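*Asks:* Predicted model and sequence below, questions to follow.
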Amino acid sequence: MFTPSISVVELILRAVCVYAFLFALIRFGGKKHVGEMAPFDFVLLLVLSETVQNALIGEDKSLPGGLVSAAALIFVSRVVGYASWRNGVAARFFEGVPVILVRHGKVREDALAREQITRSELMEALRREGCASLSRVRFAILENDGTITVGLNTPRAASAAGKGLEE
């Protein structure tokens, strides 16, 4: 129970590898799924955690083995967070970049397709923000966390619409 059956270095390497693999897998899944977790997404997350358990700790069932693996995962997460905070390139790699879905009332169909967002999902997000018409939308941005931020035209904003937005 208190003696790991594999070396601490191997436990740490396993944790780093599993973290990197799951990170890549989740990034491949897209931003849309990060912001809204449906029941099947939650089940997938649980099954993924069970699936990678053996890859993480192998046959080791010891308390220190589990603690070392957990500490290694937290450490890797902190390193990724720090790297993202300190370096713009790292931030774009680990966190992604926001994507403009609507600009000046015009839907960017290429962005919807790339992010696998249907037009009805976009319209639902706009309605949640109190907007029933695309003509009122100054911008709609898919944020890194999967949420959609909507900016509506106001009399003053209409004249300066789009300033500060980048493609």
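*Replies:* Received the coordinates, thanks.

*Asks:* which residues in this protein form strands?
*Replies:* Assigned by DSSP state E, the chain shows strands spanning 99-103, 106-107, 137-142, 148-152.

*Asks:* Can you tell me which of those is most buried?
*Replies:* The highest mean neighbour count among the strands of the chain, using mean count of other Cβ atoms under 10 Å, belongs to strand 137-142: a mean of 22. Where C-beta positions appear, they are placed from N, C-alpha and C, glycine not excepted.

*Asks:* Strand partners (parallel or antiparallel) of that strand?
*Replies:* strand 99-103 (antiparallel), strand 148-152 (antiparallel) (DSSP bridges).

*Asks:* Quick one: those strands as TSV, columns for distance to residue 51 and mean pLDDT too.
*Replies:* Output for the strands paired with strand 137-142, formatted as TSV (distance: least, Cβ to Cβ, whole Å; pLDDT from 0 to 100):
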stretch	distance to residue 51	mean pLDDT
strand 99-103	30	96
strand 148-152	31	92
